[in-house]
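Peer 1: Pasted the sequence and its predicted model underneath.
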Amino acid sequence: MTDSPNDARPHRLVIHQSHAQSNHSPHASSAPSFADDVRAGLTAKPKTLPPKYFYDALGSQLFEAICLLPEYYLTRTETRILQQRAGEIGRRAGPGCALVEFGSGSSVKSRLLIEALPELALYAPIDISREHLDATAAQLRRDYPKLNVVPVCADFMKPVRLPEAVAGLPKLGFFPGSTIGNMVARTAVDLLRSMRATLGEGSQLLIGMDLIKDVAVLEAAYDDAQGVTAAFNLNLARRINRELGGTLPLDRLRHVARWNDTYARIEMHLEATEAFDFEVSGCRFSLHRGETIHTENSHKFDLRSQNTLLLAGGWTPARRWLDSEGRFSLIVADWTIPRGAP
Ligand code: AVJ
């Protein structure tokens, strides 16, 4: 059992012009490339691949299709909770607040909040993809002409410098989709602490967290009858072949989604149905029969483990809502006031 693969979050691929605020120094990029990450992951034992690379153009479309699957309850249930509780969330946030979304993936969910927060002063979506950000911002400005939309191009895993316009406003952070579950606890706590630094004293965080439930229900959500999730997982191998000159034999890789009870998470793997050698960017690798490449973790929580994780990250749970079937939860947490021991 391992902690890998690397943590990641999705963002859509949209081609567009860009003028978002940036927290990047454009030419000082030391971030590892796709090739670097793939080489490192395939050299590791056990083999892993970072899930952030799922989201090329096709992968992003497959993810959107996953969200509509009958087995994939997460999107539907979270949206329902938001619809039911948006008014209450708005009252808690107070008038004239700024909504700050981390990894502005699903604009459907942010729109629910934007519409429920009539006195919303500002919406700041944070995303690493400038193209996606600008397209989202342009559409939101068309749909909500009175809303101040201030996109921030940044990696939200690190503390982000928020735009001037946000200073002095009450802040509500938004991190939906149980994306926090894609991180191992150590990384999740780092992220929560960095959100705490970004949003600052007195802020609130609205976060979606999936719940531990019947293993069959969990495994079906990540291994649907129509094979969409299998295609999503296998698309990573296809992408490696296409972009890195890989020779992974797709017909000898099988999608596997299984519950790991020790870590309380669904793991996705690509499993070799027979042994084979392959190449990626000129490097040789092999898989033996039954060996897997670990591609994603989706941690699930109970109410106590949610609280512990949030508290460890400097957020005090204040309000929690479940859907009517108790499958998913949406939590409002308050920026924890620092105080002395105990
Ligand atoms: C959007 C990353 C939260 O882990 O449930 C869906 C991604 N992977 N089906 C999740 C995903 C397989 C999803 N996240």
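Peer 2: Received it, and whenever you're ready, just let me know what you need.
Peer 1: How about the residues of the protein by the ligand?
Peer 2: Within the chain, the residues that sit near the ligand (CB under 6 Å from any ligand atom) are 10, 66, 74, 177-179, 182, 222, 229, 296, 298. Glycine gets a C-beta too; all of them are placed from N, C-alpha and C.
Peer 1: ok, Tyr263 to Leu117 distance?
Peer 2: 36 Å (CB to CB, to the nearest Å).
Peer 1: Looking only at neighbour counts, state which of those two leads.
Peer 2: Leu117 (24 against 16; other CB atoms under 10 Å).
Peer 1: For the more buried one, what are phi and psi?
Peer 2: Backbone torsions of Leu117, given as degrees, to the nearest 10, read phi -110, psi 80.
Peer 1: Verify the contact between it and Gly96 for me.
Peer 2: No - in this structure, Leu117 is not within contact of Gly96 by CB atoms under 8 Å, at 9.5 Å.
Peer 1: How about Ala225: what's its closest non-neighbour residue?
Peer 2: Closest residue in space to Ala225, ignoring its immediate chain neighbours: Glu71 at 7.1 Å, by CB to CB, 6 or more residues apart in numbering.
Peer 1: Can you classify the one you found by secondary structure?
Peer 2: State at Glu71, reduced to three classes by DSSP: H, G, I helix; E, B strand; the rest coil: coil.
Peer 1: For it, give me its contacts.
Peer 2: 220-221, 224-225 (CB atoms under 8 Å, 6 or more residues apart in numbering).
Peer 1: Kindly recompute the last result at 10 Å.
Peer 2: If you count contacts by CB atoms under 10 Å, 6 or more residues apart in numbering, Glu71 has them with 217-226, 228-229.
Peer 1: per-residue confidence at it?
Peer 2: What the model reports as pLDDT for Glu71 is 98.
Peer 1: go on, Asp134?
Peer 2: The score at Asp134 is 89. That number is its pLDDT.
Peer 1: What residues of the helix or strand hosting it count as buried?
Peer 2: Asp134 is part of helix 130-143 when elements are defined by DSSP states H and E. Buried residues in helix 130-143, counted by 16 or more other CB atoms under 10 Å: 130-137, 140.
Peer 1: continuing past that helix, what's the next helix or strand?
Peer 2: Downstream of helix 130-143, the first helix or strand assigned by DSSP H and E is strand 148-149.
Peer 1: so what does the very next helix or strand once past that following strand touch, helix or strand wise?
Peer 2: Following strand 148-149 in sequence order, the next helix or strand is strand 152-153 (DSSP H and E). Secondary-structure packing of strand 152-153 (3 or more CB pairs under 10 Å, 6 or more residues apart in numbering; DSSP states H and E): strand 21-22, strand 98-102, strand 122-127, helix 130-143.
Peer 1: Would you map the helices across the stretch 201-342 of the chain?
Peer 2: Residue ranges of the helices in the stretch 201-342 of the chain, as given by DSSP state H, counting those that start in this stretch, are 215-221, 228-243, 303-312.
Peer 1: Quick one: these as TSV, columns for mean neighbour count and mean pLDDT too.
Peer 2: Compiled in TSV, the helices of the stretch 201-342 of the chain are given as follows (neighbours: other CB atoms under 10 Å; pLDDT from 0 to 100):
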stretch	mean neighbour count	mean pLDDT
helix 215-221	16	98
helix 228-243	20	98
helix 303-312	17	98
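Peer 1: Take the ones you listed and lay them out in CSV including distance to Ala188.
Peer 2: Converted to CSV, these look like this (distance: least, CB to CB, whole Å):
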stretch, distance to Ala188
helix 215-221, 19
helix 228-243, 22
helix 303-312, 6
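Peer 1: Quick check: which of the ones you listed is nearest to Glu88?
Peer 2: The closest of the helices of the stretch 201-342 of the chain to Glu88 is helix 303-312. By CB to CB, the value is 18.7 Å.
Peer 1: Kindly confirm whether my reading is correct that Leu270 touches His294.
Peer 2: Yes - contact criterion CB atoms under 10 Å: Leu270 and His294 qualify, at 8.4 Å.
Peer 1: Smallest gap between the stretch 201-342 of the chain and the ligand, at which residue?
Peer 2: Ser298 (3.6 Å; CB to the nearest ligand atom).
Peer 1: Tell me the bridge partners for the residue lying closest to that residue once chain neighbours are set aside.
Peer 2: Among residues not flanking Ser298 along the chain, Ile266 sits closest, at 4.5 Å (CB to CB, 6+ apart). For Ile266, the beta-bridge partners are Trp259, Ser298 (DSSP bridges).
Peer 1: and Ile266, how many neighbours?
Peer 2: 22.
Peer 1: Let me know the pLDDT of it.
Peer 2: pLDDT for Ile266: 98.
Peer 1: same thing with Leu253?
Peer 2: On the pLDDT scale, Leu253 gets 98.
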